[in-house]
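K.L.:
Coordinates for the following, if possible.
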Amino acid sequence: MAILSANLASSAALALILVAASLCLIEAKQFGIGIEIGSRGRPRQREFDYFNLALQWPGTYCQRTRYCCPNNACCRGSNSPAVFTIHGLWPDYNDGSWPACCTKKSFDEKEISTLLDPLEKYWPSLSCGKPSSCHGGKGSFWGHEWEKHGTCSAPVTGDEYNYFLTTLNVYFKYNVTKVLNEAGYVPSNTEKYPLGGIVSAIQNAFHATPKLVCRNGAVEELHLCFYKDFKPRDCAGGSSSSSDMLFSGSSCPNYISLPAYASLGAGNVESEVSWVPEDVDLRWVDRL
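P.N.:
Next comes the predicted model:
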């Protein structure tokens, strides 16, 4: 009888473990995190399928700026960015989910000290808020991108330094701002441009379809997608296209704008204030 009771208890414990693992998998899928269950019932993230280079349009993003601080690139006066800047290089799965926080490695800014100048110019933070780290604290924008996305890119991009260097190289090689400017799509607070024309300009340049995210009819993000050898691939119909549109607050209309931005300037610098617009879906914030 004692042996039977022990066996029943073991079976019940195993069942609880499997149920808990299943619930974790369901929750992870709901929030877009790709997780598999290992041979011992433990969660395990599989290797990603492709890269998503997410770019931000400062003219749209910075219009929501309510506070200035030293690390907010929207507040740099005449030095505020006027080109698409990097949001991150994200590893994604073909099924619409993505891995996150794949190792316990923490961000160390000293590792990228020789890249700080181009990072400040082309990969700046456009807010004063400190994003979360993978270890329960708050940190820099670069630290967030490395810990959450860079560690999962490591099978291809390698260590922290090479993740940032690779992202910069891809960004410079596929210069979206230059392509659009040469096609006549320049920053303007009065002009509206055909969505199809902007997409076609990028298709003609890179032979792949981008993904655009809009807010109130203005381009806020533009995504370029790549195979793991960094050859361009279509974003349309892939990974998180529909979710990005949903979580951005609005989809892109047939005619969209690329607004210019008048910086608040250094004279308005205040202490750091974390601010999330009320109309942002928190699931979208989780993806960043």
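K.L.:
Where do the strands of this protein begin and end?
P.N.:
In the chain, the segments counted as strands under DSSP state E are 36-37, 43-44, 50-56, 85-92, 193-194, 211-215, 218-226, 232-233, 255-256.
K.L.:
Make a markdown table out of these and add distance to Asp159 and mean neighbour count.
P.N.:
In this view, the C-beta of every residue, glycine as well, is placed from N, C-alpha and C. What follows is the strands of the chain, written out as a markdown table (distance: least, Cβ to Cβ, whole Å; neighbours: other Cβ atoms under 10 Å):
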| stretch | distance to Asp159 | mean neighbour count |
| --- | --- | --- |
| strand 36-37 | 25 | 12 |
| strand 43-44 | 22 | 12 |
| strand 50-56 | 17 | 23 |
| strand 85-92 | 14 | 24 |
| strand 193-194 | 40 | 16 |
| strand 211-215 | 28 | 23 |
| strand 218-226 | 20 | 23 |
| strand 232-233 | 25 | 18 |
| strand 255-256 | 38 | 18 |
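K.L.:
Turn the ones you listed into CSV, including distance to Phe172 and mean pLDDT.
P.N.:
Below are the strands of the chain laid out as CSV (distance: least, Cβ to Cβ, whole Å; pLDDT from 0 to 100):
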stretch, distance to Phe172, mean pLDDT
strand 36-37, 35, 42
strand 43-44, 35, 58
strand 50-56, 11, 97
strand 85-92, 10, 97
strand 193-194, 24, 98
strand 211-215, 20, 95
strand 218-226, 12, 97
strand 232-233, 15, 98
strand 255-256, 25, 97
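K.L.:
Next, format those strands as a markdown table and append distance to Ser127.
P.N.:
Shown next, in a markdown table, are those (distance: least, Cβ to Cβ, whole Å):
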| stretch | distance to Ser127 |
| --- | --- |
| strand 36-37 | 34 |
| strand 43-44 | 31 |
| strand 50-56 | 10 |
| strand 85-92 | 12 |
| strand 193-194 | 26 |
| strand 211-215 | 14 |
| strand 218-226 | 13 |
| strand 232-233 | 29 |
| strand 255-256 | 23 |
